[in-house]
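K.L.:
Sequence first, then the predicted structure:
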Amino acid sequence: MKASPLTGGAAAATLQARLADVLQLGKPRIATLVLVSTALGFALGGNGPFPWGRFAWLMLGTALVTWGINAVNQYM
């Protein structure tokens, strides 16, 4: 098994750089705006007890789709 060329601090710096790139690709300000508007629409459109489980899945799905499409937008 070959040793990795990046060890110690260099591997951590690379991971940190990749996470920063992913954060930049996702455009967190736009994603936050989409998530807030989705949450408000869900809360205002419901009646009866608030379905927290359904709300959590909705927010997770919306966040993943928003971040994914923002990354595709950067690629194009």
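P.N.:
Nice, thanks for sending it over. Numbering: from 1, shown residues only.

K.L.:
Just the buried residues of the lengthiest helix in the chain, please?
P.N.:
Assignment by DSSP state H gives helix 52-75 as the longest helix of the chain. Judged by neighbour count using 16 or more other C-beta atoms under 10 Å, the buried positions of helix 52-75 are 58, 62, 63, 66, 67, 70. Yep, even glycine has a C-beta here, placed from its N, CA and C like the rest.

K.L.:
And that helix, how far out from the chain middle?
P.N.:
Between the centre of helix 52-75 and the centre of its chain there are 6 Å (C-alpha atoms, centre = their mean, to the nearest Å).

K.L.:
Which residues does that helix contact?
P.N.:
25, 26, 27, 30, 31, 34, 35, 38, 39, 42 (C-beta atoms under 8 Å, 6 or more residues apart in numbering).

K.L.:
Helix, strand or coil: sort out the last one for me.
P.N.:
Read that as residue 42. The assignment at residue 42 comes out as helix when based on DSSP: H, G, I helix; E, B strand; the rest coil.

K.L.:
burial of residue 26, as a residue count?
P.N.:
19 (other C-beta atoms under 10 Å).

K.L.:
picking that back up, tell me the one of the buried residues of helix 52-75 nearest residue 13?
P.N.:
The closest of these to residue 13 turns out to be residue 67 (C-beta to C-beta; 23.4 Å).

K.L.:
any idea how far the closest one lies from residue 43?
P.N.:
22 Å (C-beta to C-beta, to the nearest Å).

K.L.:
Please list only the buried members of the contacts of helix 52-75.
P.N.:
25, 26, 27, 31, 34, 35, 38, 42.

K.L.:
Could you dump those into a markdown table with secondary structure, pLDDT and distance to residue 15 added?
P.N.:
What follows is these, written out as a markdown table (DSSP: H, G, I helix; E, B strand; the rest coil; pLDDT from 0 to 100; distance: C-beta to C-beta, whole Å):
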| residue | secondary structure | pLDDT | distance to residue 15 |
| --- | --- | --- | --- |
| 25 | helix | 80 | 16 |
| 26 | helix | 79 | 17 |
| 27 | coil | 85 | 21 |
| 31 | helix | 92 | 22 |
| 34 | helix | 95 | 27 |
| 35 | helix | 96 | 26 |
| 38 | helix | 96 | 30 |
| 42 | helix | 95 | 35 |
